[in-house]
Each structure stands twice: as structure tokens, then as C-alpha cells.
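Asker: Pasting the sequence and the predicted model now:
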Amino acid sequence: LLGGSLENLYCIRISAGPSSAAAVTASGTVYLWGRNASGQLGTSAIAKLLPFSPTSLTSCAEVALGESHSVALLSDGSIKNAGLNDRGQFGVGETYDAFCEFFRAASLTSPKPIVDVAAGTRHTAALAANGTVYTWGYNDKGQLGYSGSTTQTSPKAVSLGDGVVASSVTAAYNNTDLNP
């Protein structure tokens, strides 16, 4: 089905974005394929029809795929990004043109580690082990969970209310969903 690249590999996570997909094996190796117009697969090729493993991404636990960016959660709880950062979706404090290699994001404020990540069209969400949710990127529809519609280029904690913590986070298009 996939050209044999994933044959006989034990995949623990499968992710699908608007035009690309990812698989993470039990050993933490990532395989990506699909559209790559913004470098979101961590390579300069326009598209990858068959799964490939980027050398800049190892020890991975999960990959979230947005429209034009990818977010990889590493086994140590840190995050790497690839692709377009035109709306601050990398969380590094500023915007950049397209990148074609996964690189470490700015450190999130304590508490760490991050245990779940999600990517929307042009925003990102992360869940810390204590249930705190951080979001950053484009906020034109309020998808970051703060009042207003200001783009946020650095991770910011979302106020869920007294005693409320999240157990998972998902994102799609212009929304972010939390499960208590």
C-alpha cells in the first residue's frame, strides 16, 4: 500500500493533516509523506509520494500536521517544527519564511514535559504533563483560547478555570479542542 517503506514496522502513532501524513514507530522513527509546498515534511522536495524518514528528527513520540507546518513531540517532552511560520505557529517568538528541516522550538515555560501536541491550519497547541494547555500562532477566530484575535508568536498558557485541567488536546482548521 505505501510502497513497502512501513512494511514490517510496528507503528504506534498515525497522523493525518490536510495534505500530508505521518507514522511514528515504536523506536521513535518518523515517516512522513504527502504535500510539502511549505517544507512541512522536513525536506525541500515539493511532495513525497512514499514515506521517508527525515534525519533531523529522532526519538519522536508524536507528530501533528497542520496545513503548512508540522510539530513533532520528542520523547524528552521537547518540540521540533518544520514548514511555514508566517503566523508564529512555531512558538519561537517571531515569524519566519518557510523552513525545510525540523528544528527545536523555543522552550515552553514550566511545567514540563509536554505530553501531547496538535496543529491547526496556522496554530499549535501543546499539553503539559500537569494538564496545562499552551497555544500559539494565528488567532483570527479565537482558536488559541484567549480573548481577542491577536496572533501569539510564543507559547501562552490557556486559562481553563479553577481546578480544570486537560487530558488531551486536538486541533483542526481554526479550532482547538480540549478533553478534561
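Answerer: Everything's here; your move. Small disclaimer: the values here were computed from a predicted structure and weren't measured.
Asker: switch to C-alpha atoms for all contacts and neighbour counts from now on
Answerer: Noted.
Asker: who touches the most centrally placed residue in the chain in this structure?
Answerer: By Cα atoms, centre = their mean, the mean C-alpha position of the chain lies nearest to residue 71, the distance being 2.4 Å. The contact partners of residue 71, by Cα atoms under 8 Å, 6 or more residues apart in numbering, come to 63, 64, 65, 79, 80, 81, 82, 90, 117, 118, 119, 124.
Asker: Could you single out the nearest of the residues you listed to residue 165?
Answerer: Nearest to residue 165 among these, counting by Cα to Cα, is residue 117 at 15.3 Å.
Asker: right, and the closest one touches residue 74 too?
Answerer: No - between residue 117 and residue 74 there is no contact under Cα atoms under 8 Å: 10.3 Å.
Asker: what about these two, which has more around it?
Answerer: Shown here are residue 117 and residue 74; by other Cα atoms under 10 Å, residue 117 has more neighbours (25 against 22).
Asker: Report the contact partners of the more buried one.
Answerer: 62, 63, 64, 71, 72, 73, 124, 125, 126, 127, 169, 170.
Asker: want to throw those into JSON lines with secondary structure, pLDDT and distance to residue 154?
Answerer: Output for the contacts of residue 117, formatted as JSON lines (DSSP: H, G, I helix; E, B strand; the rest coil; pLDDT from 0 to 100; distance: Cα to Cα, whole Å):
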{"residue": "62", "secondary structure": "strand", "pLDDT": "95", "distance to residue 154": "21"}
{"residue": "63", "secondary structure": "strand", "pLDDT": "96", "distance to residue 154": "19"}
{"residue": "64", "secondary structure": "strand", "pLDDT": "96", "distance to residue 154": "18"}
{"residue": "71", "secondary structure": "strand", "pLDDT": "94", "distance to residue 154": "14"}
{"residue": "72", "secondary structure": "strand", "pLDDT": "94", "distance to residue 154": "17"}
{"residue": "73", "secondary structure": "strand", "pLDDT": "94", "distance to residue 154": "17"}
{"residue": "124", "secondary structure": "strand", "pLDDT": "95", "distance to residue 154": "10"}
{"residue": "125", "secondary structure": "strand", "pLDDT": "95", "distance to residue 154": "11"}
{"residue": "126", "secondary structure": "strand", "pLDDT": "94", "distance to residue 154": "12"}
{"residue": "127", "secondary structure": "strand", "pLDDT": "93", "distance to residue 154": "15"}
{"residue": "169", "secondary structure": "strand", "pLDDT": "93", "distance to residue 154": "18"}
{"residue": "170", "secondary structure": "strand", "pLDDT": "91", "distance to residue 154": "19"}
